[in-house]
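S.K.: need a structure here:
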Amino acid sequence: MKPDWQSVAEPLVTLGKVVRVERGGGGSYDVGVAFECIDEEHRNAVMKYIEHLKEAEELKE
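M.R.: Numbers count the residues shown, from 1 in each chain. Presented below is the predicted three-dimensional model:
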């Protein structure tokens, strides 16, 4: 069970489809993935992680 984005008790396993690839700086790439098969608990963990990243980015600005 993955109760939140910080849990490391279990890996997140899902099927995904790459929907976007953009070249970034320094030879890196930004990749957009659409999750096709993900259980509800893992979906919630991903959503919490994304919100955490958004909040951290807003604090930088």
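S.K.: separation between Thr14 and Leu59?
M.R.: As judged by Cβ to Cβ, to the nearest Å, Thr14 and Leu59 stand 29 Å apart. Glycine gets a C-beta too; all of them are placed from N, C-alpha and C.
S.K.: and what of Pro11?
M.R.: For Pro11, the distance to Leu59 equals 29 Å [Cβ to Cβ].
S.K.: low-confidence ranges, the chain, go.
M.R.: For the chain, applying pLDDT under 70 flags the ranges 1-9.
S.K.: helices of that one, residue ranges please.
M.R.: Secondary structure of the chain, counting by DSSP state H: helices at 40-60.
S.K.: find the centremost residue of it, please.
M.R.: Nearest to the geometric centre of the chain sits Val46, at 5.2 Å (Cα atoms, centre = their mean).
S.K.: that one is in contact with Gly16, isn't it?
M.R.: No: contact criterion Cβ atoms under 8 Å: Val46 and Gly16 do not qualify, at 10.7 Å.
S.K.: identify the contacts common to the two.
M.R.: Phe35 (Cβ atoms under 8 Å, 6 or more residues apart in numbering).
S.K.: looking at Thr14 and Leu59, which one has more neighbours?
M.R.: Taking other Cβ atoms under 10 Å, Thr14 and Leu59 do not tie; Thr14 has more neighbours (14 against 7).
S.K.: run a quick neighbour tally on the nearest residue to the more buried one once chain neighbours are set aside.
M.R.: In space, and not counting its chain neighbours, Thr14 is closest to Ile38: 4.1 Å by Cβ to Cβ, 6 or more residues apart in numbering. By other Cβ under 10 Å, 16 other residues sit near Ile38.
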